[in-house]
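>>> What shape does this take:
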Amino acid sequence: LHRAAGGALPVSTAPQHVSRPDEVTARYVRQYLAMLLNAGRKDTTLHANARAIRTLLRFWHADNYIPSPVKFDMPRLEKKRIPVLTAEQLRQIVQACDIRGRAILLFMVDSGLRRREAINLNWGDVDMQSGLVRVRQGKGKKDRSAVIGAKTRRALLAYRRTIPAHDERDPLFQTREGGRFASDGFIQIFNRIKKHTGIHVTPHVLRRTFAILSLRAGMRPLHLQALGGWSDLNMVEHYTQMVDDDLLQEHKAHSPVDNL
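Have a look, this model is predicted:
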């Protein structure tokens, strides 16, 4: 279990006296997870270890290494505020960008695509007339459709005029040399924006911002789920936690005392 969980504890401190799969019990797993907790590991680390152990135990049971399933409660993840950009922050970072950066930022926040999904796009995947974007082999190896609006399409067309290679099979977003971005190179664009503006921005922050601003504009959660490629509405809820601006505005409009 210690190795399956990535060696989160020194071997000398990991629970001992178990040498065969059929000796593993739920109590043993709980003991190991408790040791991780007492060692000061983060809740995300604890949860990742538990997932790895659960996968190993399921494999052992499927291959008859253990006679019956070993079940245990998964550690809870602390619910944290998810950073999103305000409309004003979004305007600031767009104004601070060059033509390529502006096209990338507007595209990411308008489509809600994941970083890898955006990197993999070709010019032929974007319909400049309708705004329909064909996402091939997204998360879970699933194809889906996304949509971008007229302003984002105009930004893409302005960017396209600055690059020589924009046939259907050419990358939508390109390095200065005309190649497809690697993940690290794509992130550097956002790091430069952050350095210039002081605003924390990443592809994932833009994805969350897409969700929040879409809901504020009246988009239905089911449509948001389909456009963002989330597996279920629970994930939509996870990404669309109410931010402080929402709470302030709603209380201002519906305060039980101010509205007496």
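
>>> switch to C-alpha atoms for all contacts and neighbour counts from now on
OK.

>>> Quick one: mean pLDDT over stretch 133-141.
Over the span of stretch 133-141, the pLDDT mean works out to 79.

>>> nope, stretch 226-233 is what I meant
pLDDT averaged over stretch 226-233 equals 83, rounded to a whole number.

>>> ok, now how distant is the closest residue to residue 37 other than its chain neighbours from residue 54?
Using Cα to Cα, 6 or more residues apart in numbering and skipping residues adjacent in sequence, the residue nearest residue 37 is residue 46, 7.1 Å away. Computed with Cα to Cα, to the nearest Å, the distance linking residue 46 and residue 54 is 12 Å.

>>> Which strands or helices does the helix or strand hosting residue 27 pack on?
Counting by DSSP states H and E, the element that carries residue 27 is helix 26-38. When contacts are defined as 3 or more Cα pairs under 8 Å, 6 or more residues apart in numbering; DSSP states H and E, helix 26-38 sits against helix 43-62.

>>> what angle separates the helix it packs on from helix 26-38?
In terms of direction (axes from the mean of the first three to the mean of the last three Cα atoms, to 10 degrees), helix 43-62 departs from helix 26-38 by 160 degrees.

>>> Just the buried positions in helix 43-62, please.
Across helix 43-62, burial judged by 16 or more other Cα atoms under 10 Å covers 45-54, 56-58, 60-61.

>>> Stretch 60-71 too?
60-61, 66, 69-70.

>>> mind checking the end-to-end distance for it?
For stretch 60-71, the first-to-last residue distance is 13 Å (Cα to Cα).

>>> can I assume residue 169 is in contact with residue 122?
Yes. Here residue 169 reaches residue 122: they are 5.4 Å apart, a contact under Cα atoms under 8 Å.

>>> Give me the more crowded residue out of these two.
Legend: neighbour count by other Cα atoms under 10 Å for residue 169 and residue 122, higher for residue 122 (21 against 12).

>>> Relative to residue 179, how far out is the more buried one?
Taken as Cα to Cα, the span from residue 122 to residue 179 is 11 Å.

>>> where do the contact lists of those two overlap?
Residues touching both residue 122 and residue 179 comprise residue 171, with contact defined as Cα atoms under 8 Å, 6 or more residues apart in numbering.

>>> now residue 157: how far from residue 96?
As judged by Cα to Cα, residue 157 and residue 96 stand 19 Å apart.

>>> and what of residue 86?
According to Cα to Cα, residue 86 stands 16 Å off from residue 96.

>>> Residue 36 now?
With the distance defined as Cα to Cα, residue 36 ends up 44 Å from residue 96.
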